[in-house]
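>>> please find the sequence and the predicted model below.
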Amino acid sequence: MPQVTTAESGTYRAYTKLAGSEPLPGYRLIAPLGRGGFGEVWKCEAPGGLHKAIKFVTSESEDGRGGERFGQELAAFEQIKAIRHPFLLTLERVEQIRGELIMVMELADRQLQDRVVECRNCGLPGIPRDELLSYFADAAEALDVISAKFNLQHLDIKPANLFLVSGHVKVGDYGLVAQLEGPDAGNRGLTPRYVAPEVLHGTPSSCSDQYSLALVYQELLTGTFPYAGRTPQQLMLQHVSGKPDLSPLPPGDQAVVARALAKQPEGRFPSCLAFVQGLMSVEVATALPSAAMNFRRARVDRSVAEMNIGGGAADYPGDASSVAERGELTHSGNTRRPEPTQSFTLPGRPHLTVPGAAKGPLPALVSGTARPGAARGPARPQALVTTPTPVETPPPLAEEVEAGLVVLDRIFSVIPVAALIGMSSGERSLDPQAFSAAVVAAAAAGGHVPHASGDVGRLADGAWVCQFPSTVPASVVPLKLDVVRERWGVSVEQTDPAHLLMRRTAGSSGFFGGKKFGYEISVLLPTGGKAVGEITVLGRTFGAPDPKFAREVTDTLPRVLCDVKNQLGNVQDRRTTPRVACGLAVTLYPVHSDGGIDTVVPAKCRDVSLGGMGFTVGEPLKTKYVYAAFPGVSATAGQAILVRITRSQSHGHERHYGAQYRTDL
């Protein structure tokens, strides 16, 4: 259960507990997760080495309401302790020790608001719609169960109380849970930003949580809130009498959310699941056909149907009669006992697949780690999918890393970036060969790209370039270049152990022998003492050559570079495509063995070719495969290509990688 932001918790008090202490025998505190007006939450190690969350609620407070909150938490626990549901965060133990309530509960991966921050860092306004609806289907089912079967409302639905666990949402933090009837039903501490109007009047209804859920939906989807109030008083007044601004929502969503935000509970949907069902029925222009979304719709439809089946009093341990009297979730003519809805879960991820005829399994998409389950990314356009062939992936290793929540249904050589961040996209993927050619052309910036490794190419600034492998020791290179010096009449100067400069001065420009001009060849030697290294030779003019010399040097410089290569290039170059020096920015999307996309990694390109790339990052990568996007290349905008890491080397605080494009998928 990740840390609650201070803004929502409403307090800036220091933590009262210490890491390493044991508030309960066998429960050792590890690190704080959050604090608020009701107390503080810590990550702890429970007996057996399991990690749990542990919440402390004290009866002491600065506002004098600590005793009231203490009793409220205890009463909420009594209401919720017997309920078990896959989308409710599990409470495991409660102890009351010296005026302090200690609650041990399931430890979540993070809060839904953390996923929002992640999406906004990727340039999105909020969580992609299909992904968000899958989370809301989970939350709505849990809220409807506690409402219909136990006559309870959560009354504190907000992003900080929706927890992500293995790609699903679980509702937690039950401090405000209350029976719908009773003298204390509306006499509770509330979060003014998300409270329903009737709760402010002290008369919560079975649709109060739905109102809060609708507010959270717009906020997490669009990054905007339906009400513009800045203070608690302004917000509460707008909940009671203000008109919500729903214009940032997709047009089809606006009517659905408007109904869920009706001021009178009778004007809302009969249940939270019915609200989500309404959102799922909306056709969004940007959405693509998705088997995952079709399954979610079917699951929600079935849950709504089953929740609408009437039952006897034994089915509702709460005040069942009051539920029936409302006429919202029952049909009086049906007395069959409903099947339990607690067992519904989303299906497991399918194996990675590749389109077309079978080509054998992919080289293992090994990340070195196993990922927890995650929410699905959008399905690929049907036009790009033919007969899928299962691809075997290696068994996960013991160590785990936390990764993003987008999981690709299929792996392709080139994929829209939108799919990597959980959005639907109607854009067709580029051909991988066209992608790599566009990147090389952008790196060359109008220069001549050599057709084979070892050929002479020309850079955008007019310089000629040639690269080749060599085993000639740096100390022997000047001796080898004596032949070049004599043949072409150039001087040779070694400016440092890794750089030799050959120069020929041809004459002076101007009427009175002005600035000299000529050409020079830079020989850049490999460093690091490796047996085989790469030599780069650059040739360019200097000064202001006259037109005749400029024409001659166009023929001379490539020949001099070839001569240098003949003297030093004593190793057969096994590369099939030449490299081009490149300083483009690259955005990397690490991909795990299950198709899960990890946190975005910024990188800088060092060189590119038609077959791969070299790049530099600040931190070691955790996966063997990454998708690479080049934001500065207009021809590949919005697309990313799959690359396999083939080598890596540390250079100070940076790490250099070499990678090959996977163009065969």
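Okay, I see it.

>>> check for me that residue 536 belongs to a strand.
Yes - counting by DSSP: H, G, I helix; E, B strand; the rest coil, residue 536 is part of a strand.

>>> surely it meets residue 467?
Yes - at 5.0 Å, residue 536 counts as touching residue 467 under the criterion of Cβ atoms under 8 Å. The way it works is simple: take the backbone N, C-alpha and C, and place the C-beta from them, glycine included.

>>> compare those two (neighbour count), which wins?
residue 467 (25 against 16; other Cβ atoms under 10 Å).

>>> what's the burial count for the closest residue to residue 208 other than its chain neighbours?
Once flanking residues are discounted, residue 208 sits nearest to residue 196: 4.2 Å by Cβ to Cβ, 6 or more residues apart in numbering. Per other Cβ under 10 Å, the neighbour tally for residue 196 reads 29.

>>> got a list of what residue 196 touches?
Listed by Cβ atoms under 8 Å, 6 or more residues apart in numbering, the contact set of residue 196 reads 204, 205, 207, 208, 209, 211, 212, 239, 265.

>>> export those residues to TSV and tack on pLDDT, distance to residue 647 and secondary structure?
Compiled in TSV, those are given as follows (pLDDT from 0 to 100; distance: Cβ to Cβ, whole Å; DSSP: H, G, I helix; E, B strand; the rest coil):
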residue	pLDDT	distance to residue 647	secondary structure
204	88	62	coil
205	89	63	coil
207	92	60	coil
208	92	59	helix
209	92	54	helix
211	96	56	helix
212	95	52	helix
239	92	59	helix
265	94	63	helix
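
>>> domain-wise, how is the chain divided?
Listed by automatic domain parsing, the domain ranges of the chain are 1-107, 124-346, 353-439+580-661, 454-568.

>>> quick check, residue 119 in a helix?
Yes - looking at residue 119 with three-state DSSP, it is inside a helix.

>>> hang on, it packs against residue 129?
No - taking contacts as Cβ under 8 Å, residue 119 lies outside contact range of residue 129: 11.4 Å.

>>> more crowded one of the two?
Comparing residue 119 with residue 129 by other Cβ under 10 Å, the one with more neighbours is residue 129, at 26 against 23.

>>> tell me the mean pLDDT for the longest strand along the chain?
For the chain, the strand with the greatest residue count under DSSP state E is strand 639-651. Mean pLDDT, strand 639-651: 89.

>>> what angle separates the following helix or strand past it from strand 639-651?
Next in sequence after strand 639-651, counting helices and strands by DSSP states H and E, comes strand 654-661. Here strand 654-661 points in a direction 140 degrees away from that of strand 639-651 (axes from the mean of the first three to the mean of the last three Cα atoms, to 10 degrees).

>>> helices or strands next to the strand or helix carrying residue 220 in the packing?
Residue 220 is part of helix 208-222 when elements are defined by DSSP H and E. Judged by 3 or more Cβ pairs under 8 Å, 6 or more residues apart in numbering; DSSP states H and E, helix 208-222 is in contact with helix 112-121, helix 129-148, helix 197-200, helix 251-260, helix 272-280.

>>> buried residues, the first one. List them.
What that stands for is helix 112-121. 112, 113, 114, 115, 116, 118, 119 (16 or more other Cβ atoms under 10 Å).

>>> now render those as a markdown table, adding pLDDT and distance to residue 422.
Output for these, formatted as a markdown table (pLDDT from 0 to 100; distance: Cβ to Cβ, whole Å):
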| residue | pLDDT | distance to residue 422 |
| --- | --- | --- |
| 112 | 89 | 13 |
| 113 | 86 | 16 |
| 114 | 88 | 14 |
| 115 | 90 | 9 |
| 116 | 90 | 12 |
| 118 | 87 | 10 |
| 119 | 89 | 7 |
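
>>> closest to residue 648 among those residues?
residue 118 (26.0 Å; Cβ to Cβ).

>>> contacts only, for residue 632.
With Cβ under 8 Å, 6+ apart, residue 632 has these contacts: 442, 584, 585.

>>> which of those residues fall within helices?
residue 442 (DSSP state H).

>>> what's the least confident stretch among the domains of the chain?
domain 353-439+580-661 (a mean of 70).

>>> mind listing what's buried along the longest helix anywhere in the chain?
Determined from DSSP H, the single longest helix within the chain is helix 547-568. Of the residues in helix 547-568, 549, 553, 556-558, 560-565, 567-568 count as buried by neighbour count, 16+ other Cβ under 10 Å.
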